[in-house]
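[1] mind folding the following:
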Amino acid sequence: MDSEPIVVISAISSLKEAERIAEVILAESLAACVNILPGCTSLYRWEGKICRDEEHLLFIKTRQARYAELEARLKALHSYELPEIIAVSIQAGLPEYLSWIDQHTG
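    Here you go, the predicted model:
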């Protein structure tokens, strides 16, 4: 299952930080592709209050085998005290694209 493709999602506070994180994890082959979706409004509970922030979502395509290292790197690079880092399995996809993810996260 090490080559199982996954998407890791993380919310980031600024576009500049999102781009910096994306560039680092791509350079370190922790991801094959990172999509940055700007302008997401997040509402969440934090320290007993309901908060509302504008964020940017990273959609990171990688493999299960790289998840632990990617998670540690995201935690180190992220400005949040408790960053959102969620991995979702890719159940199906274009075989050539899934192979490309595998090749670029080796």
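[2] which residue ranges of the protein form helices?
    For the chain, the helices defined by DSSP state H cover 15-27, 67-77, 95-103.
[3] give me the contact list for the shortest one.
    Outside of helix 95-103, the residues within contact range by CB atoms under 8 Å, 6 or more residues apart in numbering are S3, P5, A32, C33, K61, T62, R63, I90. Yep, even glycine has a C-beta here, placed from its N, CA and C like the rest.
[4] try 6 Å
    S3, P5, A32, K61 (CB atoms under 6 Å, 6 or more residues apart in numbering).
[5] okay, the helices of the chain in a markdown table with mean neighbour count next?
    As requested, these are exported to a markdown table (neighbours: other CB atoms under 10 Å):
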| stretch | mean neighbour count |
| --- | --- |
| helix 15-27 | 16 |
| helix 67-77 | 15 |
| helix 95-103 | 14 |
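[6] and L57, which of those helices is closest to it?
    Distance to L57, taken as CB to CB, is lowest for helix 15-27 among the helices of the chain, at 8.3 Å.
[7] show me what the closest one is packed up against.
    strand 33-46, strand 49-63 (3 or more CB pairs under 6 Å, 6 or more residues apart in numbering; DSSP states H and E).
[8] for the closest residue to E19 other than its chain neighbours, grab the count of nearby residues.
    For E19, ignoring the flanking residues on the chain, the nearest one in space by CB to CB, 6 or more residues apart in numbering is I36 at 6.8 Å. The burial count assigned to I36 is 15, neighbours taken as other CB atoms under 10 Å.
[9] how near is I36 to G106?
    Using CB to CB, to the nearest Å, I36 is found at 23 Å from G106.
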